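Asker: Sequence and predicted model, in that order:
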2 protein chains.
Amino acid sequence: METTGRTDQERSADRRRRELLEAADRVVLRDGPGASMNAIAAEAGITKPILYRHFGDKGGLYKALAVRHTDALLDALRAALDAPAERRERVEATLDTYLAAIEANPQVYRFLMHPAEGTSGGEAGFDVGLHSAPLLRRLGEELAKVIEERVDLGPESALLARVWGHGIVGMMHAAGDWWLGERPCSRAQLVQSLADLLWGRLAAAGDRVGGPGF
Amino acid sequence: METTGRTDQERSADRRRRELLEAADRVVLRDGPGASMNAIAAEAGITKPILYRHFGDKGGLYKALAVRHTDALLDALRAALDAPAERRERVEATLDTYLAAIEANPQVYRFLMHPAEGTSGGEAGFDVGLHSAPLLRRLGEELAKVIEERVDLGPESALLARVWGHGIVGMMHAAGDWWLGERPCSRAQLVQSLADLLWGRLAAAGDRVGGPGF
DNA sequence: GACTCTCGTTACCGCAAGTAACAACGTTCT
DNA sequence: AGAACGTTGTTACTTGCGGTAACGAGAGTC
């Protein structure tokens, strides 16, 4: 079996691809997601058409970058999720892992979540991509106000209300987005499920047979 | 006092602005957020520079559009939030209002939340803006798997686990995003607050004095 | 009648995505 | 050896969009 022939090419192609991705990573993390293909090519020491041969179009390149980082984050989260501990501990470990990741590398996070913002320079380049944030932020703050006004949360109520406000809005948003795409159930059912979650059913539910549950 | 002089102009300018916004709305909802300024101008029956005189740049126009829709949605939500009822009922009403809104007008929703996707045509135009969704979706599905494996949720567990998976991920995401921007507390504190929320503290907390709480 | 101010136009610049056509080099087949 | 070929790279181009400058035409004002 001719192991070398095609394999060599594939290996070299893969290596090249990895090199290009790393260069792209550097540029994107430095210049923000608005980085031009020319800039990325220059950083990699080559010219545009090669990038296009490897990744098809700019979307392909960005997708490849996103997959890389997403995979890395997912691995870390799976580890936290699979650690041997009680449910609450796991939940906290997972939350902490996620938050630590975005805290440790905000650049990567911003690229994955808020593309088209421009990392350096003023807020000059508006462009699309940051309209969602304002809406969710406004909703979160609004809800925080209502919570703090109406629910007795003891000390630190101001902070807690804001955390919850943004958290609940995020929950609603993500679940709604997923639901809108897949339509896995009726609206009423979704509302019930989410309200149940908020009502502590996660804390109250028993473990499945065979070890500590999530 | 010369009431008419300047007021007339302002009124006509405002009316023009509203007309332009409505035209832009039509185009954006039809062609997706990738709609060009030329197309919007054409729909409004005029040419580009006028748009620029009114909105500064494309970001300004989009911002104006976003604010319009955001305000409308916020009003509806405030109404649900302020209705006289018990806390759980309010929560459900608010969730339902939000979901009904995005269900009734997915185009608007997609514009606000997932700009740069292209509404019609295949998934050809990748462009930036939809990298976040894959990550959050993957996280949500992953979490759903773990939940269903490990937590006993009774009947409909598959559906419930997915709703919760996406919901919890969304909560984590939104809270993390807000926290990363404002740094209102330590990471540990945020983790605690979110875990508390998930652990049913919202259900358990007492009302504040003076009426039914959120 | 000249002045100016707003609304509108055409024609342009710059820049980035994406592509076509071509040049050099190692492989392989005859 | 030498010809055909695929890979790797280039330069130079097209297309399209955001944004702007410069100009034109009415309507009110001194």
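Answerer: In hand now; what should we look at?

Asker: If we ignore the residues flanking it in sequence, what's nearest residue A:70?
Answerer: Spatial nearest neighbour of residue A:70, chain neighbours left out: residue B:135 (4.8 Å); criterion: Cβ to Cβ, 6 or more residues apart in numbering or on different chains. Every C-beta, even on glycine, is put in place using the N, C-alpha and C of the backbone.

Asker: buried stuff in the helix or strand hosting the one you found?
Answerer: For residue B:135, the enclosing helix or strand under DSSP states H and E is helix B:132-150. Within helix B:132-150, the residues that count as buried by 16 or more other Cβ atoms under 10 Å in any protein chain shown are B:132-133, B:135-144, B:146-148, B:150.

Asker: Stretch A:55-69 now?
Answerer: The neighbour-count check on stretch A:55-69 (16+ other Cβ under 10 Å) flags A:55, A:58-59, A:61-66, A:68-69 as buried.

Asker: out of those, which one sits closest to DNA strand C?
Answerer: Set against DNA strand C, the nearest of these by Cβ to the nearest atom of the strand is residue A:58 (3.4 Å).

Asker: The closest one touches residue A:37, doesn't it?
Answerer: Yes. Proximity of residue A:58 to residue A:37 meets the contact threshold set by Cβ atoms under 8 Å, at 6.1 Å.

Asker: on that earlier part again, check the buried residues of stretch A:55-69 and tell me the two furthest apart.
Answerer: A:58 and A:69 (16.8 Å; Cβ to Cβ).

Asker: Quick one: mean pLDDT for the longest helix anywhere in chain A?
Answerer: When chain A is parsed with DSSP state H, its longest helix is helix A:4-31. Helix A:4-31 carries an average pLDDT of 79.

Asker: Tell me which other helices or strands that helix touches.
Answerer: helix A:37-44, helix A:48-55, helix A:58-82, helix A:106-113 (3 or more Cβ pairs under 8 Å, 6 or more residues apart in numbering or on different chains; DSSP states H and E).

Asker: What about DNA strand C: which of the buried residues of helix B:132-150 touch it?
Answerer: By Cβ under 7 Å from any atom of the strand, no member of the buried residues of helix B:132-150 lies near DNA strand C.

Asker: got the end-to-end distance for stretch A:44-63?
Answerer: Chord length of stretch A:44-63, first to last residue, is 18 Å (Cα to Cα, to the nearest Å).

Asker: for stretch A:34-52, same thing?
Answerer: Using Cα to Cα, the two ends of stretch A:34-52 sit 17 Å apart.

Asker: And DNA strand C, is it touching that?
Answerer: Yes. Against DNA strand C, stretch A:34-52 shows contacts by Cβ under 7 Å from any atom of the strand at A:36-38, A:48-49, A:52.
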